[in-house]
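1. Using only what follows, build the 3D model:
(one chain, ligands or ions: 2)
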Amino acid sequence: MRILVTGGAGYIGSHTVAELVDHGHEVTVIDNLSQGHRQALEPFPTVEFYQLSLFDEEALTQIMREKGIESVVHFAAFSLVGQSTKEPLLYYRNNVSGTERLLSAMVTSGVKRIVFSSTAAVYGDPSTLPIPEGARTLPTNPYGETKLAIEKMLRWANEAYAIKSISLRYFNAAGAHTKYPIGEDHRPESHLIPLVLQTALGQREAIHIYGCDYPTPDGSCVRDYIHVMDLASAHRLALEWLVENSGSQVFNLGNGLGFSVREVIEMAERVVGKPIPIVESDRRWGDPAVLVASPERAKLTLGWKQEYPELSDIIRSAWNWHSQHPHGYEQE
Ligand SMILES: NC(=O)c1ccc[n+]([C@@H]2O[C@H](COP(=O)([O-])OP(=O)(O)OC[C@H]3O[C@@H](n4cnc5c(N)ncnc54)[C@H](O)[C@@H]3O)[C@@H](O)[C@H]2O)c1
Ligand SMILES: O=c1ccn([C@@H]2O[C@H](COP(=O)(O)OP(=O)(O)O[C@H]3O[C@H](CO)[C@@H](O)[C@H](O)[C@H]3O)[C@@H](O)[C@H]2O)c(=O)[nH]1
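-> Ligands and ions are numbered 1, 2, ... in the order given. Sure thing, here's the model as predicted:
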C-alpha cells in the first residue's frame, strides 16, 4: 500500500514507519520537525521525507496525487496537556485546523482512508474501569477536546465524502524499538518513563511523584503502559482492515493492566539495577487517578495482539535506547 504518514519523524510515528516498511508498504512522511527528528527516519532509506506543515494544503494535495497515496496515518499534532490548558487556541489551530487541511487535501486528491492518533484523554475522569470505547467522553483539558473534535470531524467526513477512518485511542505509549536505533525524544520531556530513566542516568536529581494521596492502593496515579511497537502494529492492522471495511471506527489501544507511578519506578530500579531517587510532590493539575483500557474491541476486530505486554520489557527497551542515546537524537 502507498501510505502517507503525517508526523512520521516523531516518537510513535517513526516506530509506525518502521512497522510499515518492514511489511513492504511504500511510505511517504511529512513532518514540519516542530517536535520530530529527521534522524528518526535515517534507518529507513526507502522512505521519502518532506519537511512540510499540515497547513500547506496545496503541497499535501500534490504529494498525495504524485505518489498515488492510498491511505493516510495521521500523527502530526501538539500533545502537551499542560501547555494545552495555557494555549488552547494553539492546540485548536494545530490539531483541529491542521486536520481540516489534511482532510481537504484528501478530498481533493481522492484519498479515502485515514488512521488517526486519538487518546485516552478523550475520556477525562473515567466513568467505568477498565474503559470501553462506549464510555462517556468528557475531556478535562483542551488537548483531549481537540482530539475528540477530530474524531467527530472524521465521522462527518465519512458521511459526506466516504472517507473511511479509524481513531486509535492510545493509553500511555512507552518503550523503544528493539531492532532499529529509534526511541523517545520529546523536548521538553513530560512522560514518566523517560524522566525516570533520565534520573537513573544522573541527568536529573530525582523523579517527582505527582500526587501520593490518590484513591489508589499506594496513593500514586495508575496508568496503562503500552509498548510503542505494539501501537505500531495496531496501525498497520487498522490500515489493512480499512481496505475491506467501511465506516468511522474507534478503538482503544492499551494493555488492559494498570501500574502506579511507584510501581513503574520500582520496576525501572530492577531493570537498571540501582536505586532511583524520588521526591513526593503535589498532584499535577488535571491528572485522573486511574486510566486503564479495555482493549478487547481492537483484539476482536483487528486481530491485534501485543508482543510486549510486560512492563519490564517495555522499560527495558526504553532503557536500552536511553542508555545508548543519553542525549536522544542530538549526538547522532
Ligand atoms: N505519546 C503518547 O503517550 C500519546 C498518547 C496518546 C496520543 N498520542 C498522540 O499520538 C501522536 C504522536 O505522539 P508522539 O508522542 O509521537 O508525539 P511527537 O511530538 O513525537 O510526534 C508528533 C509529530 O508531529 C509533528 N507535527 C506537529 N505539528 C505538525 C504540523 N502542523 N505539520 C506537520 N508536522 C507536525 C511534530 O514535529 C512531531 O514529529 C500525537 O497526535 C499525540 O497526540 C500520544
Ligand atoms: O515526572 C513525572 C511525570 C509523570 N508523573 C505521573 O506519571 C503518570 C503518567 O504521566 P505521563 O507519562 O505524563 O502520561 P499521561 O499524563 O498519563 O499522558 C499520556 O497518556 C495519555 C493517555 O493516557 C495521553 O493522552 C497523553 O498524550 C500522554 O502523554 C501520571 O500519573 C503523572 O502524574 C509523575 O509522577 N512524575
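2. residue in this structure nearest to ligand 2?
-> Nearest residue of the chain to ligand 2: C221, at 3.0 Å (CB to the nearest ligand atom). From N, CA and C alone the C-beta is placed, and that goes for glycine too.
3. what sits against that residue?
-> 210-211, 214, 260-261, 287-290 (CB atoms under 8 Å, 6 or more residues apart in numbering).
4. and if we set it to 7 Å?
-> 211, 214, 260-261, 287, 289 (CB atoms under 7 Å, 6 or more residues apart in numbering).
5. what does R136 give?
-> Under the criterion of CB under 7 Å, 6+ apart, the neighbours of R136 are S127.
6. which parts of the stretch 201-332 of the chain sit against ligand 1?
-> Where proximity means CB under 6 Å from any ligand atom, the stretch 201-332 of the chain presents no interface facing ligand 1.
7. now the strands for the stretch 201-332 of the chain?
-> Per DSSP state E, counting those that start in this stretch, the stretch 201-332 of the chain carries strands over the ranges 207-210, 222-223, 225-227, 248-253, 259-260, 278-281.
8. would a markdown table of these with distance to H327, mean neighbour count and mean pLDDT be doable?
-> Putting these into a markdown table (distance: least, CB to CB, whole Å; neighbours: other CB atoms under 10 Å; pLDDT from 0 to 100) gives the following:
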| stretch | distance to H327 | mean neighbour count | mean pLDDT |
| --- | --- | --- | --- |
| strand 207-210 | 19 | 20 | 98 |
| strand 222-223 | 26 | 24 | 98 |
| strand 225-227 | 23 | 26 | 98 |
| strand 248-253 | 29 | 24 | 98 |
| strand 259-260 | 27 | 21 | 98 |
| strand 278-281 | 24 | 14 | 98 |
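9. Now which of the contacts of C221 would you call buried?
-> Buried residues within the contacts of C221, defined by neighbour count using 16 or more other CB atoms under 10 Å: 211, 214, 260-261, 287, 289.
10. can I get those in CSV with distance to A174?
-> What follows is the buried ones among the contacts of C221, written out as CSV (distance: CB to CB, whole Å):
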residue, distance to A174
G211, 19
Y214, 20
S260, 15
V261, 13
D287, 17
A289, 19
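11. what two of the contacts of C221 are the furthest from one another?
-> Across the contacts of C221, no pair lies farther apart than S260 and D287, at 12.3 Å, counting by CB to CB.
12. low-scoring stretches of this protein, by residue?
-> For the chain, applying pLDDT under 70 flags the ranges 331-332.
13. How is it partitioned into domains?
-> The chain resolves into domains spanning 2-174+226-253, 192-223+256-324 when parsed by the TED database.
14. how far out from the middle of the chain is the shortest one?
-> Same thing as domain 192-223+256-324. Remark: domain 192-223+256-324 is offset 15 Å from the chain centroid, using CA atoms, centre = their mean, to the nearest Å.
15. what's the answer for the first one, then?
-> Relative to the mean C-alpha coordinate of its chain, domain 2-174+226-253 is positioned 9 Å out (CA atoms, centre = their mean).
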